[in-house]
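In: Output the structure for:
(one chain, ligands or ions: 2)
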Amino acid sequence: MTSTYARDLDADLPLLLAAAQDRGAEAEVVVWDDPAVDWSSYEAVVIRSCWDYIERRAEFLAWAASVPRIHNPHEVLAWNTDKVYLRQLEAAGLPIIETRWNVGEGDDLGEHAEWVVKPTISAGSRDTARWATAEEVYAHSASLIGAGRTSMTQPYISSVDDEGETAMLYFGGELSHAIRKGPLLERGEGVRQDRDSRESITPRVPSAAQREIADHTMRVAEGITGSTFLYARVDLVTAADGSPLVIELKLTEPSVFLPQSDGGERRFVDAVLARS
Ligand SMILES: Nc1ncnc2c1ncn2[C@@H]1O[C@H](COP(=O)(O)OP(=O)(O)OP(=O)(O)O)[C@@H](O)[C@H]1O
Ligand SMILES: [Mg+2]
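Out: Ligands and ions are numbered 1, 2, ... in the order given. You can find the predicted model right below:
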């Protein structure tokens, strides 16, 4: 399942279709808000690139609740589409990036050279920015709150500039592969709107510490939601002391970076077939 917007942008879709065909399974790409689709006719509906749901989250979740045999399930989507879930991961003992919620004028921002301000409901870095002054942080946070959104303020994790992020892809609960994603926020560029326009993705072998934190994140999220996940992506960055921090857990519409994997599409399709 995709969106009109992403149908030709999602590089994972052609590989998934080919892998399904190899396994002798019928598969097609359909658009989530196409009224002509009979969702009940499928043995499995797999959410992929519904990248236009951000401004239509309530409509998207209502749609997902109405679709039988949807992966990931509706309650997982409802939980995962607002990054306030990070508080629960933190409460369960996972290392997340130090985060202040709904920062107001004059609030303590900690001693940091730069900050990131972003809305809790977002993807593709939309409405996200990197700032070097407290005034800019306060103004951005106020504009998000003024628009009825929840804002998050974090220190800018400087290792991202060289090391990038590490995304760990799990299909059917098993680690399939990992990739490096290059930095996205440039100093002084202001608030970003475009999605994925300059993502640089390369394969990466995760460290033992990254595997341990990503596996732990999966177990904690399964416990909180009471579900298992057909697909999951744990995104990690590296703290100043070298330890991994969870930047986000994507259970809704993550790119799964199949072009940068070795056979990930087969593992994904096998996980779908195991659940259908
Ligand atoms: N605290 C931070 N320190 C450094 N870089 C950050 C930080 N927060 C966000 N970024 C950068 O901004 C990008 C987007 O932020 P994040 O991944 O939290 O939100 P998103 O919009 O859901 O992302 P996605 O592109 O994965 O959908 C990250 O990929 C990273 O490059
Ligand atoms: Mg991200």
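In: The stretch 1-150 of the chain: helices as residue ranges?
Out: 12-22, 57-66, 74-80, 85-91, 134-146 (DSSP state H, counting those that start in this stretch).
In: Give me the mean pLDDT for the last one.
Out: Taken as a whole, helix 134-146 carries a mean pLDDT of 98.
In: Which strands or helices does that helix pack on?
Out: strand 115-119, strand 129-131, strand 151-155 (3 or more CB pairs under 8 Å, 6 or more residues apart in numbering; DSSP states H and E). C-beta: built from backbone N, CA, C; applies to glycine.
In: quick one: is the last one near ligand 1?
Out: Going back to what we said before, that points to strand 151-155. Yes - contact of strand 151-155 with ligand 1 (CB under 6 Å from any ligand atom) involves Gln154.
In: That strand pairs with which strands, parallel or anti?
Out: Sheet partners assigned to strand 151-155 using DSSP bridges are listed as strand 100-101 (antiparallel), strand 115-119 (antiparallel).
In: Relative to the whole chain's centre, how far out is the shortest one?
Out: I take that to be strand 100-101. 19 Å (CA atoms, centre = their mean, to the nearest Å).
In: Just confirm Ile247 contacts Leu236, I think it does.
Out: Yes - under the criterion of CB atoms under 8 Å, Ile247 makes contact with Leu236 at 6.6 Å.
In: hey, what's in contact with both of those two?
Out: Overlap of the contact sets of Ile247 and Leu236 (by CB atoms under 8 Å, 6 or more residues apart in numbering) consists of Glu165.
In: More neighbours: which of those two?
Out: Leu236 (25 against 20; other CB atoms under 10 Å).
In: Check the spacing between the more buried one and Gln210 real quick.
Out: 5 Å (CB to CB, to the nearest Å).
In: and this protein, which residues reach ligand 1?
Out: 97, 116, 118, 122-125, 128, 154, 156-157, 160, 165, 183-185, 247-248.
In: just to revisit the earlier point, pick the most buried one from the strands paired with strand 151-155.
Out: strand 115-119 (a mean of 24; mean count of other CB atoms under 10 Å).
In: Alpha carbons of it, in CSV - could you do that?
Out: Provided in CSV are the C-alpha atoms of strand 115-119 (Å, rounded to 0.1, in the frame of the first residue of the first chain):
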residue,chain,number,x,y,z
TRP,A,115,19.5,22.2,19.2
VAL,A,116,16.9,20.4,17.0
VAL,A,117,13.2,21.4,17.2
LYS,A,118,10.6,19.2,15.6
PRO,A,119,6.9,18.3,15.8
